[in-house]
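J.: Below are the sequence and a predicted model; questions follow.
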Amino acid sequence: MRTRGADVDIAFRVGGSGPAVVLLHGTSASHAVWEPVAEELSSVATVIALDQRGHGRSDKPSHGYTGPDFAADVVTVLDALGIERALVGGHSLGARNAWLAGALHVERVTGVLCVDYTPYVETAVIDELAARVAAGHRTFGDIAEIEEYLRARYARILPDAVSRRARWGYRPTAGGWVPHAAPDAMQQLIEGFRTPWDAEFRAVAVPMAHVRGARSAIVGAAAWDAARADRPDDRWTLDEDADHYIPEEHPGLIAAELRTLLGI
């Protein structure tokens, strides 16, 4: 589905029935990374997975990639569906946007799940992420070449997750296959990570939970501990056998955390 007539139109997929859950992917990904989580929740929740602006089949404006811009898109989608309030869960970029939605649009958010991102990710990590994402914008000969690249880049994600990223994250052109994610958008949104939004993180008043992969190259122990100090009463879960890409490695864990926030 797609919003119609918004300043920035957002593509999204809806499934299941019950209380609304909005899911926000990470940098350069798409709504499709959430498919296994959505399948596990479909019997108890209405799951809405977005292609965030600059990604997938959503609009890719020339500017407007700050945290509040992404958070406002959650409201745009809820309005398009006639949904008053939703639980918002996100991974990486999506986690940052989820807590901003909870802080800036509290009347629309019932709870927040942050997967492997905090306000305290170090500058050096953001620099490395910028270089890695920029290197991923290249032309591939075919889907098989894309899958080979993805298996090397995301070594621990499940095999079907590789296929899903290849199928939904790239488009054919005259010269080969290229990512749907717009390179200018990726550069801008990564620069946006340099604003920590820590005051908004602390200000979220709805129930909030957090998951980190023990092997994560994005959220180290110091960034995790600093966030825990900000919100000691939240739920904090360390996945000992995951790196940064927990929704594609252990989707059952993420579905269980969302169920807990839903009270199901």
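T.: Arrived safely, thanks for sending.
J.: Spell out the residue ranges of the strands in the stretch 1-150 of the chain.
T.: Ranges of strands in the stretch 1-150 of the chain, per DSSP state E, counting those that start in this stretch, are 11-16, 20-24, 46-51, 86-91, 109-115.
J.: Now mean pLDDT and mean neighbour count too, for the ones you listed, in a markdown table please.
T.: Using the backbone N, CA and C atoms, a C-beta is placed for each residue, glycine as well. Formatted as a markdown table, these follow (pLDDT from 0 to 100; neighbours: other C-beta atoms under 10 Å):
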| stretch | mean pLDDT | mean neighbour count |
| --- | --- | --- |
| strand 11-16 | 98 | 18 |
| strand 20-24 | 99 | 28 |
| strand 46-51 | 98 | 26 |
| strand 86-91 | 98 | 28 |
| strand 109-115 | 99 | 27 |
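J.: for the ones you listed, which one sits closest to residue 59?
T.: strand 11-16 (8.5 Å; C-beta to C-beta).
J.: got the contact list for residue 22?
T.: 48, 49, 50, 74, 77, 78, 86, 87, 88, 89, 101 (C-beta atoms under 8 Å, 6 or more residues apart in numbering).
J.: Repeat that for residue 86.
T.: Applying C-beta under 8 Å, 6+ apart, one finds that residue 86 lies in contact with 19, 20, 21, 22, 48, 74, 78, 108, 109, 110.
J.: Dump the contacts of residue 22 to a markdown table, plus distance to residue 227.
T.: Conversion of the contacts of residue 22 to a markdown table gives the following (distance: C-beta to C-beta, whole Å):
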| residue | distance to residue 227 |
| --- | --- |
| 48 | 26 |
| 49 | 25 |
| 50 | 24 |
| 74 | 21 |
| 77 | 27 |
| 78 | 26 |
| 86 | 23 |
| 87 | 19 |
| 88 | 17 |
| 89 | 16 |
| 101 | 17 |
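J.: Which of those residues sits closest to residue 217?
T.: residue 89 (21.2 Å).
J.: Okay, and the beta partners of the closest one?
T.: On the basis of DSSP bridges, residue 89 is bridged to residue 23, residue 113.
J.: Name the spans of the stretch 1-150 of the chain whose pLDDT lies under the cut-off.
T.: Applying pLDDT under 70 to the stretch 1-150 of the chain flags no residue at all.
J.: tell me the angle of the stretch of helix or strand residue 225 belongs to relative to strand 109-115?
T.: Assigned by DSSP states H and E, residue 225 belongs to helix 221-230. Using axes from the mean of the first three to the mean of the last three C-alpha atoms, to 10 degrees, the direction of helix 221-230 lies 160 degrees away from that of strand 109-115.
J.: now the closest residue to residue 253 other than its chain neighbours: how far from residue 194?
T.: Nearest non-adjacent residue to residue 253, counting by C-beta to C-beta, 6 or more residues apart in numbering: residue 239, 6.1 Å away. To residue 194, residue 239 is 27 Å away according to C-beta to C-beta, to the nearest Å.
J.: Of these two, give the one with the bigger neighbour count.
T.: residue 239 (19 against 11; other C-beta atoms under 10 Å).
J.: hang on, the earlier thing: which one of the strands of the stretch 1-150 of the chain lies closest to residue 121?
T.: Taking the strands of the stretch 1-150 of the chain one by one with C-beta to C-beta, strand 109-115 is closest: 11.8 Å.
J.: and the angle for that closest one with strand 20-24?
T.: 30 degrees.
J.: need the helices for the stretch 151-264 of the chain, in chain order.
T.: Assigned by DSSP state H, counting those that start in this stretch, the stretch 151-264 of the chain shows helices spanning 159-169, 183-192, 198-203, 221-230, 246-249, 251-262.
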